[in-house]
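Visitor: Predicted structure and sequence below. I'll ask about it afterward.
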Amino acid sequence: MIAVKTFGKLYWAGEYAILEPGQLALIKAIPIYMTAEIDVAANYRLYSDMFDYAVDLTPDPAYSLIQDTITLMEEFLTAKGQQLQAFSIDIRGKMEREGKKFGLGSSGSVVVLVIKAMLALYGFSVDRNLMFKLASAVLLKRGDNGSMGDIACIVAEDLVVYQSFNRQTVATWLDEETLEKVLKKDWGFSIRSVEPALKFDFLVGWTKEVAVSSHMVKQIKDNMNSSFLQASKETVANLVKALEVGQEENIIDLLEQASQLLEGLSSEIYTPSLRQLKNASRDLKAVAKSSGAGGGDCGIALSFDQDSTNLLKKRWADLGIELLYQERIGHDDKSEG
C-alpha cells in the first residue's frame, strides 16, 4: 500500500486576472490535506469519501474527474513504455465541514492526488512542471474554465507566484496532437517559490458560506478590462518584491490595493461576512482580504505583531468567522492548527 497526500491552496492576490494569459497570481499552499492510498489489485476499484460507493473504470458522473485523470495518466505511462496494471485507490479528505466546502481547491487537489498516487505506484518520478502539465491537461480536456493557479500551488506545496499560459492554445494542441508531444512543448507558464524576508502570522478565516467558483468566474470574467489586468499584474509583482525584501508597510498597502481591485470588479465578491472579515483588520498592524473567487468561502490575513494577531482572532470569533488555519511565516515554530 502506497500513501500520498496533496495540500489545499488559497490566493493572496491576482484572482480573476490570472484567468488571462501572462498574468500573475500569488498563491499559498495550505496543509489541510487530501490523502490517497493505492495498491495493485486484480480489478480497478476507485473510492472517494465524497461518495458512499466505489466504482471501477465504467464511466460514472460522480467519479468522472478521477476516471479522466486515470485515463490520461495511463496514456502518459503507456507512452513511457510502462505495462499497465489494475489498482485500488482510496481517496479521503473532503476539505469541508458539515457538507460546506472550505474553498481550498478540491478538484485541483484530487487530480494532483491521483497523478501522484499513480506515479508512486509505477515508481515513476516527474518534476513539478511536468506534474503541473499533466494535471492541467486533465482539466483542459474536461473544458475546465479555471486558471490552473490552484494546480501550480498544489504541485509546488509552497507560497508561489504563478504566471498563466494561454489555455485555449494548449487545449487545441491536446485535441490535435499526442499527449507526449504536447507535454514536450513550452506552454509559457512559470511557477516560482516566494521566500518572505520578514516574520508575520498568516491566518485563514472561514465564513461558512459556500461559494460556487465556476459560477462566480463566469459572471465576473466579462468585467475585466485592460486597466484592471495591468493594475493587477503590477500589484502582484510589487507584492512579491515587498515580501522578498521584507517591506511590511508596502505589503499591507499592496494587499489592500489587490482587495480594492477585486471590489471594483464586482460587488458580489465581498459578501457581508467577507467584508466583516476584511474590516476586522482595521487599526491593526495587519491586512485582510477575500481569497479566490469570493462570494463566500475563505478570507486571509497577514498580521505583523502578536497583539494584532490576538485581536484579529478575537474579532473574527465574535463575528462567527472560524479560524481555519494559522501559520507563523519566517518564525521557527511555523505551524499552528
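Guide: Nice, thanks for sending it over. Numbers count the residues shown, from 1 in each chain.
Visitor: can you pull out the helices in this protein?
Guide: 64-79, 106-121, 128-141, 149-156, 167-176, 179-184, 213-221, 226-245, 248-265, 272-279, 306-318 (DSSP state H).
Visitor: Looking at those helices, which one is packed in the most?
Guide: Sort the helices of the chain by mean neighbour count, taking mean count of other C-beta atoms under 10 Å, and helix 149-156 sits at the top with a mean of 28. C-beta here means a position set from N, CA and C on the backbone, and glycine is covered the same way.
Visitor: Could I have the CA atoms of it written out in CSV?
Guide: What follows is helix 149-156, C-alpha atoms only, in CSV (Å, rounded to 0.1, in the frame of the first residue of the first chain):
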residue,chain,number,x,y,z
GLY,A,149,-3.2,28.5,-10.5
ASP,A,150,-4.5,26.1,-7.9
ILE,A,151,-2.6,23.3,-9.5
ALA,A,152,0.6,25.4,-9.7
CYS,A,153,0.4,25.9,-6.0
ILE,A,154,-0.6,22.4,-5.1
VAL,A,155,2.3,20.8,-7.1
ALA,A,156,4.8,23.2,-5.6
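Visitor: What is it packed up against?
Guide: strand 2-13, strand 24-40, helix 106-121, helix 128-141, strand 159-163, strand 190-193 (3 or more C-beta pairs under 8 Å, 6 or more residues apart in numbering; DSSP states H and E).
Visitor: Enumerate the positions of the longest one that are buried.
Guide: Yep, that's strand 24-40 we're talking about. 24-30, 32-34, 36, 38 (16 or more other C-beta atoms under 10 Å).
Visitor: From V161, how far off is V287?
Guide: Noted for V287: a distance of 18 Å to V161, by C-beta to C-beta, to the nearest Å.
Visitor: cool, I27 as well?
Guide: I27 is 8 Å from V161, by C-beta to C-beta.
Visitor: And for A288?
Guide: Look at A288 and V161: by C-beta to C-beta, they are 21 Å apart.
Visitor: Please apply the same query to I220.
Guide: Taken as C-beta to C-beta, the span from I220 to V161 is 22 Å.
Visitor: One more: L261?
Guide: Distance, L261 to V161, using C-beta to C-beta: 17 Å.
Visitor: for I300, same thing?
Guide: For I300 relative to V161 (C-beta to C-beta), the value is 16 Å.
Visitor: try A137
Guide: 22 Å.
Visitor: Is it possible to get CSV of the helices of the chain that adds mean pLDDT?
Guide: What follows is the helices of the chain, written out as CSV (pLDDT from 0 to 100):
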stretch, mean pLDDT
helix 64-79, 98
helix 106-121, 94
helix 128-141, 98
helix 149-156, 96
helix 167-176, 98
helix 179-184, 98
helix 213-221, 76
helix 226-245, 98
helix 248-265, 96
helix 272-279, 95
helix 306-318, 98
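Visitor: right, and the ones you listed - which one's nearest Y325?
Guide: Nearest of the helices of the chain to Y325, taken as C-beta to C-beta: helix 306-318 at 11.9 Å.
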